[in-house]
Each structure stands twice: as structure tokens, then as C-alpha cells.
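J.: Following is a predicted model, sequence given first.
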Amino acid sequence: MVSSILCRILTGGLLAAALTLSSLAAEEPGHSLAMAEIAFAEGVQAFEDGADPVAAERFRESLQNDPRNGTPRYWLGLTLLRLGKAREAVQEIQAGLAAPRPAQVEPRRALADLGAAQLAAGDARAAAESLAKALAGKNDDAPSLYRYGEALRQLGRREEGDAAIARAVGIDPALASGRIPIAAPEPWSELPPIDRRPLWDGRLGIAFADDSNPNLLPEDLLLPIPGPPPQKLVSGAKSDSVAGLDLRLGFQPIYQRDGWNVGASLDAGRSFHREIKYLDLGQAQASVHLAYGADPLGFLSGPLGSTQVPFGNSRYSVLLQGGASYYQLDGTTFLRTWDGAASLTLRPTSGTSTQLGLAFSDRAFSDRGLGNARRSGQDLILRLDESFYFTRHDRFLRLVALAGDRNAGRAFSASFVEGGADLALPLAPWWPRWSLQAAGSLRKDDFNHQESNLFNPSGPQRKDTTTRTTVALIWESSVQLRWTLRGAYVDRNSNVKLASSLSPALSALDYTRTLVSLGVSWFF
Amino acid sequence: MRAMNSHRILVGWLLFFGIGAWPSSPVAAEEIGNVYEVRSEVLALAEGKSPRQLKKHDPLENGLRVRLTRRESYLQVFLYDIGLLRPNTEIQDLPIKKPPKIDGVIHLAGQGRLEMGNPNPSLVSGIITTVIVEWGDFWASLRPGRSHDIQGKTREGSLEFKGTAVRVLADPVVGTFVAVDEGVAIVHAFAGGDVEVTSGHWVLIPPGGVPTRPATLDSVDILEDPPLLLRDFTTGQPERPPQ
């Protein structure tokens, strides 16, 4: 049942990705952003040259190529006003200002032009309103003042109208002729974000691995395999092959260079063991990300994954994350979590950065299958990173320190500290498409209660020391395809021993594990 | 027959002088673009003249060099369709329509340079304007099948645009970001590696690197212990190993 849910998530995600990609790749027939801008430029040029019929034609062509852009529609309105088609001009100017991408024109100028069109269309009341707003606090716009006077006169407020017209002529005597040219507005635009990436992005990965100790057991300890009797025994000497499938979809609906960026992500994965099927793990995680600030690599990473931010080198950036995850083991619900995290990254120089992070996770383990509800509780983790960059930001040495507290059943409550280092080393210029990554860490877990000594309740509280080392060689065969060869080694030592009646020399929780994997990821 | 030979000789000499005169032909002074918008300091650098601040509607002649000196500098240019270049005197007769047909619109913000046209135009390539982005943004809309082409250069690589709508960001810390909204851009990284960026796609060339898409390593390949497995003996009691 649960397995089918995960399969649906994976299949649905793949379908969504495929559909999104195909829809993004497909340009709307007859639409071209480039031709929209070129036609608009030709329209502006014709407008400035007084070739109004040509200008109208070009603005219409621009609109056909980019119907959501209000700017050419607005200019079309101005052109129609020049051509004496005042009612159409009012419609186009209003539509341009209300377009999905509103006309880029100075707001006061927009009101003045709308008022001019309304006046020409015979709607003196609307014109007076628009022009009054355009003139609010700025009475030196002679053409608008003149038109405002005209509108007032048409509304029967002759004295006020005459006064306004007299004031306008006083500012610009050329208006005395009563002819007010429709001039081109000054360029008024905010620069569009250059590094806007597609709304959707994704990654699909597959990896094959040889795992020396998937059960994480001491080599000389035997345990019965979960399941109905008669149970086989398994030990830490049992290795297996495993394949992993991984999908990530990212969605960035709000992107701002100077402000908060909002993103959402969905991660789903599943492992398939060749023999030890009860360790097949399925997982899905949904997260939302609220990010502020730019980053040289264009994304910020936190405990709940990464999200896109503008390219740049902000002095600081903030990442707030929330999410939920679901795990299943051997086809049975195993764990559900609610997670939250906050990270602050400081970049005092272009060569260093410091990240401070706080993560919280509320974990609810199932009591079925391999689950154990006594493990349920809350995790709180504080993390401090210091990164040193060498020439470029994907070549770095990062020192990591973590401290955490786990509140769970008495056998599992613990606190831990961890120190580590990550090294990322692109091998350019010798091998431009290759890079090397290495990581190492040392972690000490101190359990809080005597119950943590699972085999000797009167013994000392459990203390574990775990070292991890990972080395990965990465090859980018293309921009979208990345191959990874990885080797990893884990060694855990624990003070928990089996009861002396069994074997005084047998360590109960120690294990070593070596894993070698080859994977490929497709970025889309 | 003799007369015919004389005619051929005359045509040959005309062709020789015509082609010889081509590089210094009046096309060098031809207006191939126009300034639509300019902000902050944007200097025109014409040979033999002192630098002058560009203004709106200033003509941009073939061979002109333009420099945007500040981070807040901004220039928007209309590139004209000048048709196919022809050697000899025909160039002088080349009509520029009023208002001229526009082949492209380019925006350059920040520090950079613009090399309007090419000193040695050819029949094949037509006019090529080079945009050098040192630290800033550049985006362009180009008409398909245009006669006036552009190419880009940044610290990290050079760019050819077969496409019609492209965006480029260059930053000393970030590198060069190239996104294509329509058409195709070919990105040549100086560190090695060419890549074709098609519509809807983007790449980043990090400083000293090759075109790539930065990615975290939190992928399927990350090795982590599964969240529980059997590490805490929740599935049964341990047994003595077989002797």
C-alpha cells in the first residue's frame, strides 16, 4: 500500500517533470520575445519620427509577439491618440497599465496620458480625475495643467479651468496656441533580472553500489532477519549490492534580486537491495524555502536541501526552511518527520564565508515492521561552517562543527558533537570537467540514560564514536549529465558490550562499513 | 577582339582598385546603430578624437568604440539592418531606410565595452558588433536572419549568438552566466570546453572554469547511513556467532 504511494510519487514526479519540460520548451506559436522587443523598438523610432501609422503597426506586431507586456499596448494608446482615435487610445492605455506585465512608464506620466486620452474622447469627468492625480504635488507639468483646465471648463467650472490654463501658458507660452503635442515618454524601466532561471528545475539520479555492511552490524555478531519464523541469521559480514533512484524537483515562483525568494522542492528516492530486501528504503520530502540574498553559485543550502537565489556575492544571506518527510522500510511506514531550519551565511570577504544554522525535527517512528516508537522525539541541531574559497566558489575547504540534542525514549535520548571538513576541488585547468570531493568527520554521541546500554541495564551509559570518510570523483560529461564514483568508509565504536555471559569480548554496537558507488545524475 | 580585351583589362583594374579600397571604404563612417537610452558615464571613443559622453539618439558608426565606465552605467542600443556589404562604390549608395529597419536591441549595464562593427567587414559575415561585459549585465534581442550580428566576450569566455533572445551576467566572483530565451548561444570557455545553450536553458562558467550548472551534492550518491536499519537492535536479541 505504502509502497504504491511512493511509486505514485516517483511516477507522478517524473510525469510532472516531463510535462513541465515539454511545456517550457515549447514556445507559443507566433510569439517571440526578441521580435516583440525589435518591433517595439521600431515602433518607438517611428513614433519619435512622427510616422504614427507605422508606429501603430509596429506596436501591434510587438503585442502579437508578447501579449502579456503592457508597454507596447500603452505606446499603441499614445499613437492612437495622435491618430485621433481617442476612445481606442483610452482602452489601450488602461489595458497597458493593467496588463500582467504593466506598462513601464512613470506613474504620473501614465495618469497624464490617460487624462489626455479621456479628454480627447469627451469624458471630461474622468479626464479631470486622472489629471488631478497626475498633477497632485507637482503643478509644473504645463500640458497636463492645460488639459486639466480644459476638462474643468467642460465640466462647467470655467473660472477654475481658465485659471489652470493661464497657469499652464505661464509655464509654457507655446501652449497658448492650444496645440499640445503627444510626446514620447522618457524611458522608465526597471532592468529585468538577468539571471532568472526557469521556474522549474530538476534532477534525476541513479546509482549502483556495493555495500560491505548494509545491516550496520559488528562483523562477528549474528542477528535474526526480520520476518516470520524460521528466521535466517545475518551478520556484519554480510554484504549486498544496492541500486538507488533519486528524483528532485524544484519550483521557484518568486525570484527577486533585492528581496525574498520563495522556492519549494520535492525529493523522492528509493533503494533496491539485491538480497537484503527488508532494507529497501523509500523516502519523500517536501520543503518550502524562503531565501534572502545572492550567492556566487546561485543557490543556498540548508539542512532541508537547497534553493535557487540570484547569482552574486551578498554580504549575508538568510535561508528559512520548513518541510515534512516520509520514510518507509521494507514496504512499511517507518518514519514521519516535521522539520524546520534557519541558516545565516556571512561573507566578510570574497574568499571566505561563515554559515550558522539551526535545525529542528519532530520525528515519529512507526511501531510496525522495523520501526520502534521509542525512538520518536525531537532533534535540535546547531551547525557552524567556515568555508575558504580558492579562486572560485566551487573550490573550497569547509570546516564544520555540529552540536545536537535528541529528545526521545530513554534508550535513545542523546546529545552529540561533531567536527569535520569538506574539500571540493575542481581539477581544471588540467581536467576541466573533473572534480574531486572529499569529506571526513568525527562524531561523539553521549546517551542520556542508562537504558541506552541495551544489553546491560546496570552498565555505563552508551557512548559512541563514529568516523566517516568519503571521497568522490565527479565527471561532467555534459552540462546536464554528471557521473560520480564514490568510496566511503564508516567506523563506529561503542562502549556497549554484550552481557559477559555471552561473550565478554564481543562489541555489540561497533561496526565498519565500506561502500563504493557509481552514479549518474541528469539535471533538467 | 582588342576592344574586348581592353574592356576586360579595365574591368580588372576597376575590380582591383575597388576591392583594394574596400577596407577603407565609406562604410567605416556608416551609421549602424543608434543610442536609445543612456545612464551615467558612457563614453564614445572614436579614433583621433577625445572621448565624449554618449547621449540619447547619438548615431553609432561602424568602427566606433564605446566604454561603460561605472557599475551604474547603462546603454540601450538599436542595431540597424544595413543589408549585405558590397565592395566598391556601391557601398556609398547603400540606402538606409528612414526609419531604418532594426536588426537587434541590446542592453548593457555595468562596466563593459561595445565595439560597433568590425574593421574588416566581409561579404560573408556582414557587420559584427562585439559586446565585452567586464562586470555587469547584458541582454540582447536579435532578428532571425539578420545582417547585423553580435558576439559577446567576458573574462571567462566568448559567446556566439545564433539565437534571438539571450541574457548574460558577468561578475568577478560568480563568473559568466548565460541564459537563452529563444534560439541558441554557443559558449566557448577560455579554460576549455564549448557548449551549445538552447532555448530555455542556462549555464554558468565559474572563474577559470568550464560551462556548468552548479549543483549541490545532496544527490543519490551521497552516502549516509539509513535512518535506522539495525543499528540499535530493535529487531531481535543478538546471538553468539557460530563457532
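T.: Here it is on my side, so go on. Numbers count the residues shown, from 1 in each chain, chains lettered A, B, ... in the order given.
J.: What does the residue lying closest to residue A:299 once chain neighbours are set aside show for phi and psi?
T.: Among residues not flanking residue A:299 along the chain, residue A:306 sits closest, at 4.6 Å (Cβ to Cβ, 6 or more residues apart in numbering or on different chains). In short, each C-beta sits where N, CA and C put it, glycine included. Per-residue torsions, residue A:306: phi -120, psi 160 (degrees, to the nearest 10).
J.: Show me the beta-bridge partners of residue A:306.
T.: Taking DSSP bridges as the rule, residue A:306 bridges to residue A:301.
J.: who's in contact with it?
T.: A:265, A:299, A:300, B:216, B:218 (Cβ atoms under 8 Å, 6 or more residues apart in numbering or on different chains).
J.: Give me the subset of the residues you listed lying in strands.
T.: Counting by DSSP state E, the part of the contacts of residue A:306 found in strands is A:265, A:299, A:300.
J.: Would you agree the second one is in contact with residue B:204?
T.: No. With contact taken as Cβ atoms under 8 Å, residue A:299 and residue B:204 are classed as non-touching, separated by 10.8 Å.
J.: can you list residues touching both of those two?
T.: Jointly contacting residue A:299 and residue B:204 under the rule Cβ under 8 Å, 6+ apart are residue B:214.
J.: Those two: who's more crowded?
T.: Using other Cβ atoms under 10 Å in any protein chain shown as the criterion, residue A:299 and residue B:204 rank with residue B:204 on top: 26 against 22.
J.: and which of the ones in strands among the contacts of residue A:306 is nearest to residue B:136?
T.: Checking the ones in strands among the contacts of residue A:306 against residue B:136 by Cβ to Cβ gives residue A:299 as the nearest, at 21.9 Å.
J.: Contact partners for the closest one?
T.: By Cβ under 8 Å, 6+ apart, the neighbours of residue A:299 are A:306, A:307, A:308, A:309, B:214, B:216.
J.: Let me have these in a markdown table, extended by distance to residue A:179 and pLDDT.
T.: Converted to a markdown table, those look like this (distance: Cβ to Cβ, whole Å; pLDDT from 0 to 100):
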| residue | distance to residue A:179 | pLDDT |
| --- | --- | --- |
| A:306 | 61 | 90 |
| A:307 | 57 | 93 |
| A:308 | 53 | 92 |
| A:309 | 53 | 93 |
| B:214 | 59 | 82 |
| B:216 | 64 | 72 |
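J.: between the residues you listed, which is closest to residue A:275?
T.: Checking the contacts of residue A:299 one by one against residue A:275 (Cβ to Cβ), the nearest turns out to be residue B:216, at 31.6 Å.
J.: what's the helix or strand hosting residue A:164 in contact with?
T.: Taking DSSP states H and E as the definition, residue A:164 sits inside helix A:158-171. Helix A:158-171 has contacts (Cβ under 8 Å, 6+ apart) with A:139-140, A:142-143, A:145-146, A:148-155, A:175-176.
J.: Try it again at 6 Å.
T.: The contact list for helix A:158-171, computed with Cβ atoms under 6 Å, 6 or more residues apart in numbering or on different chains, reads A:142, A:145, A:146, A:148, A:149, A:152, A:153, A:175, A:176.
J.: following that helix, which helix or strand comes up?
T.: strand A:200-211.
J.: list the helices and strands the helix or strand following that next one packs on?
T.: Next along the chain after strand A:200-211, taking DSSP H and E as the criterion, comes strand A:222-224. In terms of contacts (3 or more Cβ pairs under 6 Å, 6 or more residues apart in numbering or on different chains; DSSP states H and E), strand A:222-224 is packed against strand A:233-235.
J.: pLDDT of the strand it packs on, averaged?
T.: Here strand A:233-235 scores 79 as its mean pLDDT.
J.: List the buried residues for that strand?
T.: By neighbour count with 16 or more other Cβ atoms under 10 Å in any protein chain shown, strand A:233-235 contains the buried residues A:234, A:235.
J.: got it, and stretch A:339-357?
T.: A:339, A:340, A:341, A:342, A:343, A:344, A:345, A:347, A:353, A:355, A:357.
J.: now those in TSV, with distance to residue B:100 and secondary structure?
T.: Formatted as TSV, the buried residues of stretch A:339-357 follow (distance: Cβ to Cβ, whole Å; DSSP: H, G, I helix; E, B strand; the rest coil):
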residue	distance to residue B:100	secondary structure
A:339	60	strand
A:340	59	strand
A:341	57	strand
A:342	56	strand
A:343	53	strand
A:344	53	strand
A:345	50	strand
A:347	47	strand
A:353	50	strand
A:355	54	strand
A:357	57	strand
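J.: Helices of chain B, start to end?
T.: Assignment of helices within chain B using DSSP state H yields the ranges B:2-21.
J.: As TSV, the contacts of residue A:306 with distance to residue A:467 would be great.
T.: Output for these, formatted as TSV (distance: Cβ to Cβ, whole Å):
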residue	distance to residue A:467
A:265	31
A:299	29
A:300	29
B:216	23
B:218	21
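J.: and the closest residue to chain B within the stretch 1-150 of chain A, backbone torsions?
T.: Distances between the stretch 1-150 of chain A and chain B by Cβ to the nearest Cβ are smallest at residue A:34, namely 3.6 Å. Dihedral angles phi and psi of residue A:34 (degrees, to the nearest 10) take the values phi -60, psi -50.
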